[in-house]
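>>> what follows is a predicted structure for the sequence shown.
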Amino acid sequence: MKLIISCCLTMIVIAGCSNIPGLQIPTPTPTCAMQALQFLDQITAIADEWTDAETLADSTPRMSLPPTIANLQEIRRRADAIAPPECAALAQTYLIDYMDKTIEGYLLFLSNVSDTEISNQFQSAGNAFRNFQIEMEDIKNR
């Protein structure tokens with residue numbers, strides 16, 4: 001009987017302590033996906049814009065590529081200017097790497113280097129893009 005009374009008193013004291021000013025109940029730490037919502041929206045919009053610009057660059061004749069490359073460089077600068085949460089920084093790094101390698105591929109194409117060198121550059125860009133896609137999925141699952 002004394003044990004039951006002691007338990008009840010302990011529970012009453014604990015319940016009463018929850019109203020003490022300055023005593024805060026810890027809040028759960030937001031997941032990476034929650035922290036990165038705004039970043040994901042911004043980076044996805046820029047990646048979509050990049051895809052459109054790159055599609056245009058793919059069908060642009062060599063002589064007309066410089067303005068298209070300048071547009072790609074502008075999109076890349078905007079992607080780099082986004083401030084990601086720490087848990088999403090790697091996705092941005094992969095995207096910028098992909099963009100840099102793609103731009104370099106178009107610049108190599110303008111320079112009339114070998115097709116092999118150009119192909120290797122775009123293949124490297126494709127690998128960076130796959131890393132970006134994997135990291136984006138990981139962020140959504142963290």
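Thanks, I have it. Residues are numbered from 1 along each chain as shown.
>>> what packs against the biggest helix by length in the chain?
Of all segments of type helix in the chain, defined using DSSP state H, the longest is helix 115-141. Counting contacts by 3 or more CB pairs under 8 Å, 6 or more residues apart in numbering; DSSP states H and E, helix 115-141 packs against helix 32-35, helix 37-58, helix 89-110. C-betas here are computed from N, CA, C, even on glycine.
>>> okay, the angle between that helix and helix 37-58?
160 degrees (axes from the mean of the first three to the mean of the last three CA atoms, to 10 degrees).
>>> hmm, back to that, need the winner for burial among the helices and strands packed on helix 115-141.
helix 89-110 (a mean of 19; mean count of other CB atoms under 10 Å).
>>> how close does the spatially closest residue to Ala57 that is not a sequence neighbour sit to Arg78?
Closest residue to Ala57 apart from its sequence neighbours, by CB to CB, 6 or more residues apart in numbering: Thr68 at 4.6 Å. Separation of Thr68 from Arg78 (CB to CB, to the nearest Å): 16 Å.
>>> equivalent analysis for Ser124, please.
According to CB to CB, Ser124 stands 22 Å off from Arg78.
>>> kindly report the same for Met63.
27 Å.
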